[in-house]
Each structure stands twice: as structure tokens, then as C-alpha cells.
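K.L.:
Fold the following for me, if possible:
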Amino acid sequence: YDLISLLNPHIETVILQLEPLIDDKEKIPLYALYAASSYGIGDNTKSKGMLEKLAKLKEHQYGEYHLETIKTLTNLSKVLTNVGEVSSTEAILKKILIVNEKNYGANHVENIPILQLLSRAYYAIGEGQKCLESMQKALSIGKKRYANNSPEMGKIFYRHALAYYLLGDFQKSKDLFEKSLAVNKKAYGESHLEVGSDLNELGTVYYALGDIAKGKEMIERVLAIFRVHLKPDHVMYAGSQINFGLMRYEVGDLETSKIYFQEALKTRIAYYGPEHIWTAFAVTNLSMVYASLGNEKESQELLEKALVIIEKKYDHNPIWCSFLLNRISIAYYRVGDHEKSETFLQKALKKISESYGTDHVFYAIIIANLGNVYRSQGDKEKSKPLLEEAYGILQKYWGPKHPTTLKAQANLALWESSLGKPRKKGDVLQYPF
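P.N.:
As a prediction, the model looks like this:
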């Protein structure tokens, strides 16, 4: 990483000096090197620009459907996903699949990495069903080509697990992440980055399943692995910092949570830019902590940044947008602004119901929080039906003993004890989701 960081600006200088003097064929290796080094240090914007130039050169030199052109377009799709241009990613990858199917057939192994990248793109915009469908195709091809304990199948299990996580089927997600983890441990050893990635996602799933202690244990192992292999400002490291911060937030360790969220936000701004969806998540995480600590001004400033990101680039994205709106509503509730909290929950509810319907755990989480807002406003007519509906859905999907179901039950108990009486401005939501 250090070497690439040092070389990258020198490669740029060489290109600027040689570009007017060399022909297109000689530019290709220089463009490829600069695109790769820019991607390696997290400069997605420069990498994107160079890959776009490289794709045009290769198309002119070799043809639209040549292997070299396809290779560059594949790399370009990764960067486009990183910068949030997922519709362009989808168009490129579907084009590549058509070419592959024409050259090799629909069930050829060459289609697997393209399907995985397509799944990655759909995950980035919260399209859980499309994400799953892509990985089911990849799994079907992989089973015919690879052994079940091969690293190639480990990658398929990993992306498949992400799709189920996005759809709210945490048990299936957990089972597949554990398969991926077993494969990678055998292939690479206990301390490899691939193992760290599996543990990171598995820790998140345990957290979602309510086993916070197990989730914390997993993420601590991830941080130990990443400290050995990665710089503190690496984007993979930031993901594990956010997961650990969320777990500390859950148990009330707000100061530790704040430190981890602050570091993750710096890294994501540097890697993705200030207006990316993953940056917005880091912003809302930190805003929730500031709100819980009573730092209303800092929380408000961060919420305004998150809202700008959503409204400017992601309002059309129902899943991630609803998640962000839910977190924003919690932050507003924490500082006692129940009206704004209700407004954002209503927006989140509209988006989640349009995407997943009204019989889903994500829908239940939104209406539970909305029910709590109405309870705090003393509106028992609106509050109780929502709390009861949320409790029923969570019981159905996660059972009566799941921590989230127990939270819903506790919220109903709070409603009964308060008898729908309004709470004072500044009172906090005791059991937020």
C-alpha cells in the first residue's frame, strides 16, 4: 500500500509527459497501471476516468467484444459501483454476460465472477431479490465446476450470504457465511484477510440475530486480523470499526462507539467521497451517538449532511434509503424532536412497504419505532396498533425469545404503563430499533 501510494503520482507524471509522444497501443499499459494503482489507494474517481479511457482505446485496438476490452470493462464496473453509478455497472455487466453466453454458453464458469459483481452492485443499491437471483445462478454453475470446499465456492457462499442478509433471512445468511469461513480457514489459515472478511460479516449477522456477545467476539477477531494486514485508514478496516461501534452503542458504551464511528467516517469520506451511500451510513451512525450523548448541535449538523446525500443521490433507492431515514429519525427522537422523527419514519415506511410489503421484519422495525413516537406524543389510537403489529411480525419471523422481539414486547409494556400519556420534549426512546 505504501509503495503504491508513492508510485501513483509518478505514474501520473509519466503519462502526462509521454501521452503526446506515444501511440494508442503504447498508452494501454500505462493507463492500466495508473488505473490499478489509483484503485489500490482508494482513488475511485481517478481510476474510473483512466479505465474509461482505457476501455475506449482497447475497443478501438481490439474490438468491442475482445477479451482485453471485456477485462477492462469488468474492472470499470467495480469502480462504478464504488462511486454509486450502479445503473452503469449493471449495463456493462449484462453486456458482458451476453458476450460470455454467446462465446461459452449460459452455464460456463466465466460467468461466475460477472454474476458476483452484478450481485455486488445490486447489494450496493439494496436490491435484495436481484442480488439473490444473481448468486443463485452463480451457485448453480459453481456446483458443477468446483468442489464444495474450494476457495471459488467460498466466494460464492460469501456473496450468497450477503443477499440473504439484505432480505432479512439472517439464519440462512449465517449458515452461508459459516460455510465461507470454513472454506477460507482451510485454504488460507486463521489469520488471512479472507477469514477476516467472513468474520466481519458473521459478526454482523450474530448482532442481527440478537447474540451481541458473539458478534462482539467475532468483530474483535476481525480487528486483530486487519491490524496485521491493513493500514488503519483502509476501507475494509472502516467496515469492521462501524460494526464494533454499533455493538458498543447497543450496550451503552457511547464514548467507545463515538471513537470508532469517527475513524470510520474519515476513511469512508477519503475512499468513497462525501456523497456516497456508505459515507451516509457512517454519518448517521455518528449522529445517533452524538444525539444519545446529548450533543444536539453536532448531531443536527451530521443529520443535515446525511439528508443532503439521500436527497441528492439516493432518494430512488428504497432499501438503504429507508435504513438511513430510520436512523435519522432515532437521532431526532434522541434530541426530543418527535415531529421530525415521525416525518422521517413515515418516509421510511413508505419506501420499505413499497419494496418489501407489510409482512417483513424491516417493515416491523419501522412501524415499531413509529408506534413509539406516537406513544411519546400521547396518541394511543395510532400507537398501540402499530406496536402490536410489529410484535406479531417479529414473533412470526424471529420467535418470542429473540432480543428484538423482546424489545417489541417491552415497548408494548411501556405503552400499557404510560397509558398513552404524552412524554416531555427531551425524553428519549427507551427501546429504539
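K.L.:
so what's residue 196 closest to, chain neighbours aside?
P.N.:
Spatial nearest neighbour of residue 196, excluding adjacent residues (C-beta to C-beta, 6 or more residues apart in numbering): residue 225 at 3.8 Å. Every residue, glycine included, has its C-beta placed from N, CA and C.
K.L.:
Quick check: that neighbour touching residue 193?
P.N.:
Yes. Judged on C-beta atoms under 8 Å, residue 225 makes contact with residue 193 at a distance of 7.0 Å.
K.L.:
list the buried ones in the one helix or strand the residue nearest to residue 196 maps to?
P.N.:
Taking DSSP states H and E as the criterion, residue 225 maps to helix 212-229. Within helix 212-229, the residues that qualify as buried are 212, 215-216, 218-219, 221-223, 225-226, counting by 16 or more other C-beta atoms under 10 Å.
K.L.:
What residues does residue 382 make contact with?
P.N.:
Residue 382 sits next to 371, 374 when contact means C-beta atoms under 8 Å, 6 or more residues apart in numbering.
K.L.:
three-state assignment of it?
P.N.:
helix (DSSP: H, G, I helix; E, B strand; the rest coil).
K.L.:
lowest-pLDDT helix or strand in this structure?
P.N.:
One helix or strand of the chain scores below all others by mean pLDDT, DSSP states H and E: helix 403-418, with a mean of 78.
K.L.:
Just want the angle from it to helix 212-229.
P.N.:
Comparing the axes of helix 403-418 and helix 212-229 via axes from the mean of the first three to the mean of the last three C-alpha atoms, to 10 degrees yields an angle of 130 degrees.
K.L.:
And the helices in the stretch 301-433 of the chain, which stretches?
P.N.:
318-334, 338-356, 361-376, 380-398, 403-418 (DSSP state H, counting those that start in this stretch).
K.L.:
export those to CSV and tack on distance to residue 246?
P.N.:
Supplementary listing: these in CSV, determined by distance: least, C-beta to C-beta, whole Å:
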stretch, distance to residue 246
helix 318-334, 11
helix 338-356, 18
helix 361-376, 15
helix 380-398, 18
helix 403-418, 14
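K.L.:
can you tell which of these is closest to residue 182?
P.N.:
Residue 182 sits nearest to helix 380-398 of all these, at 25.3 Å, using C-beta to C-beta.
K.L.:
List the buried residues in that closest one.
P.N.:
Under 16+ other C-beta under 10 Å, the buried positions of helix 380-398 are 380, 382-384, 386-391, 393-395, 397-398.
K.L.:
Determine how far it lies from the middle of the whole chain.
P.N.:
27 Å (C-alpha atoms, centre = their mean, to the nearest Å).
K.L.:
Can I get it in PDB, CA atoms only?
P.N.:
Output of helix 380-398 as PDB, limited to C-alpha atoms (Å, rounded to 0.1, in the frame of the first residue of the first chain):
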ATOM      1  CA  LYS A 380     -52.700   5.900  21.900                       C
ATOM      2  CA  GLU A 381     -55.100   5.400  19.000                       C
ATOM      3  CA  LYS A 382     -52.200   5.400  16.500                       C
ATOM      4  CA  SER A 383     -49.600   3.900  18.800                       C
ATOM      5  CA  LYS A 384     -50.900   0.600  20.100                       C
ATOM      6  CA  PRO A 385     -52.000  -1.000  16.700                       C
ATOM      7  CA  LEU A 386     -48.500  -0.300  15.300                       C
ATOM      8  CA  LEU A 387     -46.700  -1.800  18.300                       C
ATOM      9  CA  GLU A 388     -49.000  -4.800  18.300                       C
ATOM     10  CA  GLU A 389     -48.500  -5.400  14.500                       C
ATOM     11  CA  ALA A 390     -44.700  -5.100  14.900                       C
ATOM     12  CA  TYR A 391     -44.600  -7.500  17.800                       C
ATOM     13  CA  GLY A 392     -46.700 -10.000  15.800                       C
ATOM     14  CA  ILE A 393     -44.400  -9.900  12.700                       C
ATOM     15  CA  LEU A 394     -41.300 -10.200  14.800                       C
ATOM     16  CA  GLN A 395     -42.700 -13.200  16.700                       C
ATOM     17  CA  LYS A 396     -43.600 -14.900  13.400                       C
ATOM     18  CA  TYR A 397     -40.100 -14.500  11.900                       C
ATOM     19  CA  TRP A 398     -37.700 -14.500  14.800                       C
END
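K.L.:
Run through who's touching the helix holding residue 225.
P.N.:
191-193, 195-196, 199-200, 202-207, 234, 236-237, 240-241, 243-244, 247, 250-251, 403.
K.L.:
Recalculate using a threshold of 6 Å.
P.N.:
191, 193, 196, 199-200, 202-203, 206-207, 237, 240, 243-244, 247, 250 (C-beta atoms under 6 Å, 6 or more residues apart in numbering).
K.L.:
Quick one: mean pLDDT over it.
P.N.:
Here helix 212-229 scores 90 as its mean pLDDT.
K.L.:
I'd like the next helix or strand past it.
P.N.:
Downstream of helix 212-229, the first helix or strand assigned by DSSP H and E is helix 235-250.
K.L.:
in that next one, what counts as buried?
P.N.:
235-249.
K.L.:
same thing with stretch 353-371?
P.N.:
Buried, per 16+ other C-beta under 10 Å, within stretch 353-371: 353, 355-356, 360-371.
K.L.:
likewise stretch 108-128?
P.N.:
Neighbour-count burial for stretch 108-128 flags 110-128 (criterion: 16+ other C-beta under 10 Å).
K.L.:
Pull up the gap between the residue lying closest to residue 160 once chain neighbours are set aside and residue 27, please.
P.N.:
Of all residues not flanking residue 160 in the chain, residue 135 sits nearest, at 4.3 Å (C-beta to C-beta, 6+ apart). Using C-beta to C-beta, to the nearest Å, residue 135 is found at 37 Å from residue 27.
K.L.:
more neighbours, these two?
P.N.:
Legend: neighbour count by other C-beta atoms under 10 Å for residue 135 and residue 27, higher for residue 135 (29 against 17).
K.L.:
element containing that one?
P.N.:
helix 128-145.
K.L.:
Residue 147 now?
P.N.:
Here residue 147 is assigned to no helix or strand, by DSSP H and E.
K.L.:
Can you tell me the closest non-neighbouring residue to it?
P.N.:
Of all residues not flanking residue 147 in the chain, residue 153 sits nearest, at 7.0 Å (C-beta to C-beta, 6+ apart).
K.L.:
Quickly find the element holding the one you found.
P.N.:
Secondary structure assignment for residue 153, by DSSP H and E: helix 151-166.
K.L.:
and the angle for that helix with helix 361-376?
P.N.:
Going by the same axes, to 10 degrees, helix 151-166 makes 30 degrees with helix 361-376.
K.L.:
average pLDDT for helix 151-166?
P.N.:
According to the model, helix 151-166 has a mean pLDDT of 93.
K.L.:
Which other helices and strands does it contact?
P.N.:
helix 111-124, helix 128-145, helix 170-188 (3 or more C-beta pairs under 6 Å, 6 or more residues apart in numbering; DSSP states H and E).
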